[in-house]
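Asker: fold the following.
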Amino acid sequence: MAQGHDTETLHRRFNTVWRTSLTQILLISIICFCCPGMYNAISGLGGSGQLDSTVAANATVALLAATAASALTLVPPIFDLFGPRVCLLLGKHLAGVVLSLYSGSLLCYNHSHNSAFVIASGAILGVGASFLWVAQGAIMVSYPLPDQRGRAIALFWVIFNLGGAIGSFISFALNFNSKNGHGAFIAIMSGVVVGWLLCILVPEPHTVLRPDGSLAGPPPLSSHKTSDSKSGISMTNWRILFLIPAFFCANFFYSYQQNSVNGATFTLRTRSLNGAMYWFAQMFGGLLIGFLLDLKYLSRPQRAILGYVVVFVTGFAIWGGGLAFQRWENSTGKHQWLDLSNQKHTLGRSGCTYFFYGSFDAFWQSYCYWLMASLADSPQMAAKFVGLYKTFQATGGAVAWRINALGFSPLRQLTINWALLGGALLFAIPTVLSITPSPDSSPREDSGNEWRGRRKDSKILTQ
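Answerer: Alright, predicted model coming up:
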């Protein structure tokens, strides 16, 4: 009898810990570590590890176009009706299976040069990615308390990019004396299934507890009409509309950095090492900006301005350094020549430039997520904002990869990137200045939303 009571107590304690917002953010981070993190390891090689980067650029255009089409129209209504678990399972099933297919298509391309197979795999992968990213974004920005969202974004960014870093180190080890990426693709494919299995363990928002005892979100909506109505309201929020240029830029620079900098300048094994350092830089950048956006002695409006200043100053400094690197690289007149054995260049201006590019990506995207978190009041609203974010992020990425595939000069690509980033920062100013102080996170009986913050209702989670 006592043993049964102990087992019940242990189960209750486990259930309580499992259904906390922190645990769920850890879980979604690990899920993304297993699939998108591995994909980043492939794409970060420059040309996805191929000697000819054009096929990888065209496949990425197909992937991003499919993501843009589905992230705003298809995924948010499904999230509203069925919750994050169904979206994650759908996304991981498509993305997991097709990521293996995509990796296999690249491996096949090394032998058959069948580019159509690679591009079709990329398009299907994009649909699965939209389900995964919308659910992930909604969990990350809406589950934490208002003044803890910076650290939640930082936690996700570290774990997620650790996948890209580890995958790149695996690739570096396997490619150290290799001219192609066969071993890297085979190794990376083996980690995808674990992420799909973890999706089964994701609970619904109305069963997840925040640190103050409030619930993370309401139950799923009862009809698609309600979902469509809420979607229309969220899309007319002028604050989110002013962020669209920033969303468009969020992945725009990947094609230039990965193909025109890493892919065009370095040997394969050095590209693998650079890729690992790029994702480690992302981890560093995510931690730094997350810490700044949660500073306790600043109000939320003050933190919004601080984050803007950090992104603005570091952005112009890093892209200014990138301009100097690109001019130097152009003056060499060489292609895929720089190896890690040449420590003067790889550990100097070249390596530092690519490292800081990774840090700035973390600054930019983390700040975008934090602004969305400050505007969203529920996981459902966050899903719609993230869907909008992913749509324009993917659209910008598709345009950039197409520019890369068309053979625009690296210097011209850098100029386009820098100009778009500067314009997006100007457009974002009204939204940044409109950020309001954090709401009282304590449970209130008079809240207009019945799901919001009732400890007496949350007790059922531990029974």
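Asker: for residue 401, what are its contacts?
Answerer: Residues counted as contacts of residue 401 (Cβ atoms under 8 Å, 6 or more residues apart in numbering) are 57-58, 60-61, 64, 254-255. For glycine as for every other residue, the C-beta is placed from the backbone atoms N, C-alpha and C.
Asker: just checking, residue 84 touches residue 386?
Answerer: No - applying Cβ atoms under 8 Å, one finds residue 84 not in contact with residue 386, separated by 11.2 Å.
Asker: overlap of the contact sets of the two?
Answerer: Joint contacts of residue 84 and residue 386 (Cβ under 8 Å, 6+ apart) are residue 138.
Asker: so where do the helices sit in the stretch 101-250 of the chain?
Answerer: Counting by DSSP state H, counting those that start in this stretch, the segments of the stretch 101-250 of the chain that form helices are 115-142, 149-174, 182-189, 192-199, 224-235, 238-241, 244-249.
Asker: returning to that earlier point: farthest-separated two in the contacts of residue 401?
Answerer: Taking Cβ to Cβ as the measure, the contacts of residue 401 span a maximum distance of 14.5 Å, between 58 and 254.
Asker: just checking, residue 289 is part of a helix?
Answerer: Yes - under DSSP: H, G, I helix; E, B strand; the rest coil, residue 289 falls within a helix.
Asker: and it, what is it in contact with?
Answerer: Neighbouring residues of residue 289 by Cβ under 8 Å, 6+ apart: 150, 153-154, 307, 310-311, 362-363, 366-367, 370.
Asker: now with 10 Å?
Answerer: For residue 289, the contact set (Cβ atoms under 10 Å, 6 or more residues apart in numbering) comprises 150, 153-154, 157, 306-307, 310-311, 314, 359, 362-367, 369-370.
Asker: from residue 310, how far off is it?
Answerer: Noted for residue 289: a distance of 7 Å to residue 310, by Cβ to Cβ, to the nearest Å.
Asker: just residue 89 next, same as before
Answerer: Separation of residue 89 from residue 310 (Cβ to Cβ) stands at 37 Å.
Asker: who has more neighbours out of the two?
Answerer: Just comparing residue 89 and residue 310: by other Cβ atoms under 10 Å the higher neighbour count belongs to residue 89, 19 against 16.
Asker: the more buried one and residue 200: what is the separation?
Answerer: Plainly put, residue 89 is 7 Å away from residue 200 if you go by Cβ to Cβ.
Asker: from residue 408, how far out is residue 337?
Answerer: Taking Cβ to Cβ, one finds residue 337 at 21 Å from residue 408.
Asker: coming back round to it: more neighbours: which of residue 58 and residue 254?
Answerer: Between residue 58 and residue 254, counted using other Cβ under 10 Å, the more crowded position is residue 254 (22 against 19).
Asker: low-confidence stretches in the stretch 1-150 of the chain?
Answerer: Applying pLDDT under 70 to the stretch 1-150 of the chain picks out residues 1-6, 11, 37-54, 56-57, 92-112, 114.
Asker: swap in 80 and give it another go.
Answerer: Applying pLDDT under 80 to the stretch 1-150 of the chain flags the ranges 1-16, 34-61, 89-122, 125.
Asker: ok, back up a step: of residue 84 and residue 386, who's got more company?
Answerer: residue 386 (34 against 28).
Asker: and that one, how far is that from residue 437?
Answerer: 23 Å.
Asker: also residue 85?
Answerer: To residue 437, residue 85 is 33 Å away according to Cβ to Cβ.
Asker: which one's more surrounded, the two?
Answerer: Neighbour count, other Cβ under 10 Å: between residue 85 and residue 437, residue 85 has more, with 15 against 10.
Asker: wait, what's in contact with the more buried one?
Answerer: Going by Cβ under 10 Å, 6+ apart, residue 85 touches 135, 199-204.
Asker: isn't residue 260 up against residue 354?
Answerer: No - if you go by Cβ atoms under 10 Å, residue 260 and residue 354 don't touch, sitting 11.6 Å apart.
Asker: and those two? Which one has more around it.
Answerer: The neighbour comparison of residue 260 against residue 354 (other Cβ under 10 Å) goes to residue 354, with 26 against 23.
Asker: go through the top helix by length along the chain and flag the buried ones.
Answerer: Ordering each helix of the chain by length in residues (DSSP state H) puts helix 300-332 first. Residues 300-301, 303-304, 307-308, 310-312, 314-315, 318-319, 322, 325-326, 329 are the ones in helix 300-332 that count as buried (16 or more other Cβ atoms under 10 Å).
Asker: can you give me phi and psi for residue 19?
Answerer: Note on residue 19: backbone dihedrals following degrees, to the nearest 10 are phi -100, psi 30.
Asker: residues near it, how many?
Answerer: Going by other Cβ under 10 Å, the residues that sit close to residue 19 add up to 19.
Asker: and residue 337, by the same measure?
Answerer: Applying other Cβ under 10 Å, we find 15 other residues in the vicinity of residue 337.
Asker: that one and residue 277, how far apart?
Answerer: As for residue 337, its distance to residue 277 is 19 Å (criterion: Cβ to Cβ).
Asker: once you drop chain neighbours, what's closest to residue 162?
Answerer: Take residue 162 and drop its neighbours on the chain: the residue closest to it by Cβ to Cβ, 6 or more residues apart in numbering is residue 33, 6.1 Å away.
Asker: pretty sure the one you found sits against residue 136.
Answerer: No - look at residue 33 against residue 136 with Cβ under 10 Å: they stay out of range, at 11.1 Å.
Asker: give me the nearest residue to residue 195, chain neighbours excluded.
Answerer: Closest residue to residue 195 apart from its sequence neighbours, by Cβ to Cβ, 6+ apart: residue 34 at 3.0 Å.
Asker: hang on, the earlier thing: so for the longest helix of the chain, mean pLDDT?
Answerer: The pLDDT scores in helix 300-332 average 93.
Asker: how far out from the middle of the chain is it?
Answerer: Relative to its chain's centre, helix 300-332 lies at 20 Å (Cα atoms, centre = their mean, to the nearest Å).
Asker: if you compare the directions of that helix and helix 149-174, what angle comes out?
Answerer: With axes from the mean of the first three to the mean of the last three Cα atoms, to 10 degrees applied, the angle from helix 300-332 to helix 149-174 works out at 20 degrees.
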